[in-house]
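Q: coords please:
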Amino acid sequence: MTTTVAAVLHVDLIKPRARYECFRPGCPQPVEQPARGDDLRHFISGIKTEHLARFHGEHR
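A: The predicted model follows:
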């Protein structure tokens, strides 16, 4: 069985920032932003859906 990783969500609690990296071919640069409290929760809950819609034309 082969497993493919399509994306990774990094959360750095020391520098507080979050980064979403998509590994699909031709995908633009990672999305990164400072993240604390509610901002972090919002980023985590919406980044995958937002990224797929914006850069890959997928709506979930």
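Q: Quick check on the residue nearest the centre of the chain: phi, psi?
A: Centroid check for the chain by Cα atoms, centre = their mean gives Tyr20 as the closest residue, at 2.6 Å. Dihedral angles of Tyr20 (phi, psi; degrees, to the nearest 10) stand at phi -110, psi 120.
Q: For beta bridges, what are the partners of it?
A: Tyr20 has these beta-bridge partners by DSSP bridges: Leu9, Val31.
Q: Report how many residues lie close to the residue nearest to Val5 when sequence neighbours are not counted.
A: Leaving out its chain neighbours, the residue that sits closest to Val5 by Cβ to Cβ, 6 or more residues apart in numbering is Phe23, at 6.3 Å. Backbone N, C-alpha and C define where each C-beta goes, glycine included. Other residues near Phe23 come to 10 when the count uses other Cβ atoms under 10 Å.
Q: Check the contact between Phe23 and Ala6; I expect there is one.
A: Yes: the criterion here is Cβ atoms under 8 Å, and Phe23 meets it with Ala6 at 6.0 Å.
Q: quick one: contacts of the worst-scoring helix or strand of the chain on mean pLDDT?
A: Least confident element among the helices and strands of the chain, by mean pLDDT, DSSP states H and E: helix 37-56 (a mean of 88). The contact list for helix 37-56, computed with Cβ atoms under 8 Å, 6 or more residues apart in numbering, reads 7, 9, 11, 16, 18, 20, 22, 24, 27-28, 31, 33, 35, 58-60.
Q: Which residues does stretch 3-19 contact?
A: Contact partners of stretch 3-19, identified using Cβ under 8 Å, 6+ apart, comprise 20-24, 30-36, 40, 43-44, 47-48, 51.
Q: re earlier: tell me who's in contact with the residue nearest to the centre of the chain.
A: By Cβ under 8 Å, 6+ apart, the neighbours of Tyr20 are Ala7, Val8, Leu9, His10, Pro30, Val31, Glu32, Phe43, Ile47, Lys48, His51.
Q: I'd like those written out as a markdown table, with distance to Met1 and neighbour count added.
A: Below are the contacts of Tyr20 laid out as a markdown table (distance: Cβ to Cβ, whole Å; neighbours: other Cβ atoms under 10 Å):
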| residue | distance to Met1 | neighbour count |
| --- | --- | --- |
| Ala7 | 20 | 15 |
| Val8 | 20 | 11 |
| Leu9 | 23 | 13 |
| His10 | 26 | 11 |
| Pro30 | 28 | 13 |
| Val31 | 30 | 17 |
| Glu32 | 32 | 14 |
| Phe43 | 31 | 21 |
| Ile47 | 28 | 18 |
| Lys48 | 23 | 16 |
| His51 | 26 | 20 |
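Q: Okay then, goodbye and thanks.
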